[in-house]
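Trainee: test case, fold it:
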Amino acid sequence: MTSTRTNNRNFLMEPPGDRTGGSGFRIFRSNPTALIAMPKQHRLLSELTSIEQQLSQLVRGPNVFTVDQSNATWSPPVDIYETPESFILTAEVPGVKTGEIDIKVINGNLILRGERRWESDVHGEHFHRLESAYGKFERSFSLSEQIDAERISAELEHGVLKVILPKRLKAESKQIEINDE
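Mentor: Purely as a prediction, here's the structure:
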């Protein structure tokens, strides 16, 4: 590990390996209560989130959405809310362009895939802190029967992906007459 001390702040920095989503910067601080940011934490956080979601599902019962996260480099935060006509999923994907996001419905699952590329314009790089996540991501959501997959639409604006999941139209009830013979 190549380390440098900067401004007497007791930071030890390891330069990145592959900047397209590889190891990223590892920042250590000699203060044991300080934040230690390492890529392995992303996987651990993903696993803890998955366990939390499974426990929540056991307590609350079935939900409209169930979530699966792969071991991607990073995972964009997602919010899901309901309106009378649809469910709305928003994902924070700053710096990701429309052409770098793929949205599909496969076997009743909504799959969001993409990549946030490292595009540094800093010359003579000597970072003191790097908290932004880069690399590939994938999120998968099991869709409820309430959702009309044929009418799903999406838009990307100001780094927020908005996926509109319309509810199925309720069939009107019809009275069936019984004929006498």
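Trainee: okay, CA-based contacts and neighbour counts for the rest of this
Mentor: Noted.
Trainee: so how many other residues sit close to V163?
Mentor: Residues lying near V163 (other CA atoms under 10 Å) number 20.
Trainee: er, R117 actually
Mentor: R117 has 17 nearby residues by other CA under 10 Å.
Trainee: and for Y134?
Mentor: Quick note: Y134 (other CA under 10 Å) scores 22 neighbours.
Trainee: name the element K136 belongs to?
Mentor: Per DSSP states H and E, K136 falls inside strand 135-142.
Trainee: give the pairing partners of the following helix or strand past that strand; include direction for each.
Mentor: With elements assigned by DSSP H and E, the helix or strand that comes after strand 135-142 is strand 153-157. Strand 153-157 pairs in its sheet with strand 160-166 (antiparallel), by DSSP bridges.
Trainee: list the contacts for the closest residue to I152 other than its chain neighbours?
Mentor: Distances taken as CA to CA, 6 or more residues apart in numbering place L165 nearest to I152, at 4.9 Å, with adjacent residues excluded. Counting by CA atoms under 8 Å, 6 or more residues apart in numbering, L165 touches 86-89, 147-149, 151-153.
Trainee: can I get the residues you listed in JSON lines with neighbour count, pLDDT and distance to R129?
Mentor: JSON lines is the format used below for the contacts of L165 (neighbours: other CA atoms under 10 Å; pLDDT from 0 to 100; distance: CA to CA, whole Å):
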{"residue": "S86", "neighbour count": "17", "pLDDT": "95", "distance to R129": "40"}
{"residue": "F87", "neighbour count": "18", "pLDDT": "95", "distance to R129": "37"}
{"residue": "I88", "neighbour count": "18", "pLDDT": "96", "distance to R129": "34"}
{"residue": "L89", "neighbour count": "16", "pLDDT": "96", "distance to R129": "31"}
{"residue": "I147", "neighbour count": "20", "pLDDT": "92", "distance to R129": "42"}
{"residue": "D148", "neighbour count": "15", "pLDDT": "93", "distance to R129": "44"}
{"residue": "A149", "neighbour count": "20", "pLDDT": "92", "distance to R129": "42"}
{"residue": "R151", "neighbour count": "11", "pLDDT": "95", "distance to R129": "43"}
{"residue": "I152", "neighbour count": "18", "pLDDT": "96", "distance to R129": "39"}
{"residue": "S153", "neighbour count": "13", "pLDDT": "97", "distance to R129": "37"}
